[in-house]
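Asks: For reference, the sequence and a predicted model appear below.
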Amino acid sequence: MNHPKRMLVRNVAWSSEMAHLEPDFFDRLKQGQSPRVLWIGCSDSRVPAETITHCDPGALFVHRNIANLFDPVDDNVGSVLEYAVSVLGVEDIVVCGHYGCGGVLAALGPALPQLPRVSRRIAPLRALACRHGAELEQLPAGAPRGDRLAELNVIAQVRAIRDCEIVRAAARPPRVHGWIFGLHDGRIQVLAPAEAAQAPVELAA
């Protein structure tokens, strides 16, 4: 069975199971959404937000892109943030990176002329790696260096979101968190504790 067909079959099984376990589940679902958390995570297929946090449908408003980047001039992530803050009124924003991130590792490697869109996307990561070059060069190349850059990247995105006008101008600015997920153990670590948008962000040790 091909993958899309398998997905459709599993969808039927899931919907039947949910209807049996919670007869009013789909009635609740169609009433609308009121998530309290905006999740900005990586597109990596191994890091699905609802799965790793054990959240039900409707609990998270999710945006995912390569290397969980936030760019205030990018209308894709910007529109998600604007809607989450101004319409949904989320109370918390979580930026969640992960160890072993391919986008982060690519930023530490050679240029990718064959992937121009990916190259443009990870350009801020290359710049971040340059700014922290002295620290990163003290670590072994490969996974250790990439994992530290993944941590630094989460901190940088948290800073950018806390400084964003959409967040700062909110009547009740949401708390912004920086987390990182371990593929090796399935655990989330806190890199930037919950703070209001105006709070400074300290670099993780």
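Replies: Received the coordinates, thanks. What you see is a predicted model; the values in this text were computed from it and never measured.
Asks: and residue 101, what does it touch?
Replies: For residue 101, the contacting residues are 42, 44, 67, 146, 150, 153, by C-beta atoms under 8 Å, 6 or more residues apart in numbering. C-beta: built from backbone N, CA, C; applies to glycine.
Asks: Ranking by neighbours, what's the top pick from the residues you listed?
Replies: Within these, most neighbours by other C-beta atoms under 10 Å means residue 153, with 29 neighbours.
Asks: pLDDT score for that residue?
Replies: For residue 153, the pLDDT comes out at 98.
Asks: same check, this time on the one 3 residues further on
Replies: Among the per-residue scores, residue 156 shows a pLDDT of 97.
Asks: Mark out where each domain of the protein begins and ends.
Replies: According to automatic domain parsing, the chain comprises the domains 1-32, 33-195.
Asks: next SSE after the lengthiest helix in the chain?
Replies: In the chain, taking DSSP state H as the definition, the longest helix is helix 143-163. Next helix or strand after helix 143-163 toward the C-terminus (DSSP states H and E): helix 165-168.
Asks: rewinding a little: highest mean neighbour count out of the domains of the chain?
Replies: A comparison of these by mean neighbour count, using mean count of other C-beta atoms under 10 Å, puts domain 33-195 on top with a mean of 17.
Asks: What is the nearest of the contacts of residue 101 to residue 106?
Replies: residue 67 (8.5 Å; C-beta to C-beta).
Asks: Relative to residue 153, how far out is the residue nearest to residue 112 when sequence neighbours are not counted?
Replies: Spatial nearest neighbour of residue 112, chain neighbours left out: residue 119 (4.8 Å); criterion: C-beta to C-beta, 6 or more residues apart in numbering. Distance, residue 119 to residue 153, by C-beta to C-beta, to the nearest Å: 16 Å.
Asks: then the worst-scoring helix or strand of the chain on mean pLDDT to PDB, C-alphas only?
Replies: Every helix and strand in the chain was compared by mean pLDDT, DSSP states H and E; the lowest is strand 188-195, with a mean of 87. Output of strand 188-195 as PDB, limited to C-alpha atoms (Å, rounded to 0.1, in the frame of the first residue of the first chain):
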ATOM      1  CA  ILE A 188      12.000  18.800  25.900                       C
ATOM      2  CA  GLN A 189      14.500  21.100  27.700                       C
ATOM      3  CA  VAL A 190      13.800  24.700  28.600                       C
ATOM      4  CA  LEU A 191      16.400  27.100  27.100                       C
ATOM      5  CA  ALA A 192      14.500  30.400  27.700                       C
ATOM      6  CA  PRO A 193      12.100  30.400  30.600                       C
ATOM      7  CA  ALA A 194       8.600  32.000  30.200                       C
ATOM      8  CA  GLU A 195       8.800  35.700  30.200                       C
END
